[in-house]
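Colleague: quick one, what's the 3D model for this:
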Amino acid sequence: MAEQAATTATTRTGTTSVGIDIADLKPGLGDSVHDSQRIFRSLLEIMARPGKVIDLEHDLDVPAPLDVASAAALLTLCDQDTPLWLDWIADTPPLRAYFAFHCGVPLVERSQDAAFALVSDPSNMPRFALFAQGLDQYPDRSATLVIQTESLNEGLQVMLSGPGIPEKVSLRAAGLPEWFWNDWRLNAAQFPLGVDLFLTAGRSIVGLPRTVVVET
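Modeller: Numbering: from 1, shown residues only. Sure, this is the predicted structure:
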């Protein structure tokens, strides 16, 4: 019993206590306060300057299929008040334990109920309309998607324009579904509603707020 207690932690999701096996739990941010502050400033920067790809300089030992940038972003943004949805590949006991322990985040089964979503397999991801779009009175009640890609410099080139982009900037994200950029146009057209995105690849990350217009 004592050995089990040493390798099990309890977190509270909503009003339900959930036991977490921490024996093989991967560590989170080394300095949770200062690291999260630095990462948050980086995330603000790339949302203010859409299309700018940066590398997050953090050494994280993350559970599969997470990449470092996705983990850093979600560990910084998620807490007990921001429900998280995991796609079918990411929805594993180790990953559930990782986010529940380090963020105290409630995990939801339906994409529509999530404030944040992790997409580790873009080829099978739900369409944007199946995530929270916000409300006319509360457009901020929409989802932010963290989508892992194969590369941010080797895919189909698209041109981005909009607030925060002086003229136009190119992005070459690889591994996205064929419908992705067409759906993004529909997403941008319903501003101020719609989802926001972070695209990641390894340590690299780029922000796409719903104000961004895309030309292929």
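Colleague: going forward, measure contacts and count neighbours with C-alpha atoms only.
Modeller: Noted.
Colleague: need phi/psi at the residue nearest to Asp87 when sequence neighbours are not counted.
Modeller: Excluding the flanking residues, the one nearest Asp87 by Cα to Cα, 6 or more residues apart in numbering is Val119, at 5.4 Å. Per-residue torsions, Val119: phi -110, psi 110 (degrees, to the nearest 10).
Colleague: and Val119, how far from Leu145?
Modeller: 7 Å (Cα to Cα, to the nearest Å).
Colleague: quick one, which of those two is more surrounded?
Modeller: Neighbours per residue, other Cα atoms under 10 Å: of Val119 and Leu145, the larger number sits with Val119, 26 against 23.
Colleague: how about the more buried one, what does it touch?
Modeller: 86-87, 90, 125, 145-148 (Cα atoms under 8 Å, 6 or more residues apart in numbering).
Colleague: which of these sit farthest apart?
Modeller: Using Cα to Cα, the contacts of Val119 span at most 13.6 Å, a distance reached by Ala90 and Leu145.
Colleague: which ones are touching Glu215?
Modeller: Counted by Cα under 8 Å, 6+ apart, Glu215 has contacts 158-160.
Colleague: next: Leu86.
Modeller: 107-109, 117-119.
Colleague: of the residues you listed, closest to Ala188?
Modeller: Ala117 (18.5 Å).
Colleague: and the closest one, what element?
Modeller: strand 116-119 (DSSP states H and E).
Colleague: and that strand, C-alpha only, in PDB?
Modeller: Presented in PDB, the C-alpha positions along strand 116-119 are these (Å, rounded to 0.1, in the frame of the first residue of the first chain):
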ATOM      1  CA  PHE A 116      -7.900  23.700 -26.200                       C
ATOM      2  CA  ALA A 117      -7.400  20.700 -28.500                       C
ATOM      3  CA  LEU A 118      -4.300  18.700 -29.400                       C
ATOM      4  CA  VAL A 119      -4.200  17.300 -32.900                       C
END
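Colleague: tell me the phi and psi of the most centrally placed residue in the chain?
Modeller: Nearest to the mean C-alpha position of the chain, by Cα atoms, centre = their mean, lies Val146 at 2.5 Å. Per-residue torsions, Val146: phi -110, psi 110 (degrees, to the nearest 10).
Colleague: swap in the one 10 residues further on?
Modeller: Main-chain torsions, Leu156, degrees, to the nearest 10: phi -60, psi 130.
Colleague: same question for the one 5 residues further on.
Modeller: With angles defined as degrees, to the nearest 10, Ser161 sits at phi -150, psi 160.
Colleague: helices and strands of this structure: which one has the lowest mean pLDDT?
Modeller: Sorted by mean pLDDT, DSSP states H and E, the helices and strands of the chain end with helix 2-6, the least confident at a mean of 36.
Colleague: buried ones in the top helix by length along the chain?
Modeller: Looking across the chain with DSSP state H, the single longest helix is helix 32-48. In terms of neighbour count (16 or more other Cα atoms under 10 Å), helix 32-48 has its buried residues at 35-36, 39, 42-43, 45-48.
Colleague: partners of the next helix or strand after it, with directions?
Modeller: Sequence order places strand 54-55 as the next helix or strand after helix 32-48, per DSSP H and E. In the sheet, strand 54-55 lines up against strand 204-208 (antiparallel) (DSSP bridges).
Colleague: tell me the mean pLDDT for the very next helix or strand once past the strand it pairs with?
Modeller: Using DSSP H and E, the next helix or strand after strand 204-208 towards the C-terminus is strand 213-215. Per-residue pLDDT values across strand 213-215 average out to 96.
Colleague: no further queries at this time; thank you.
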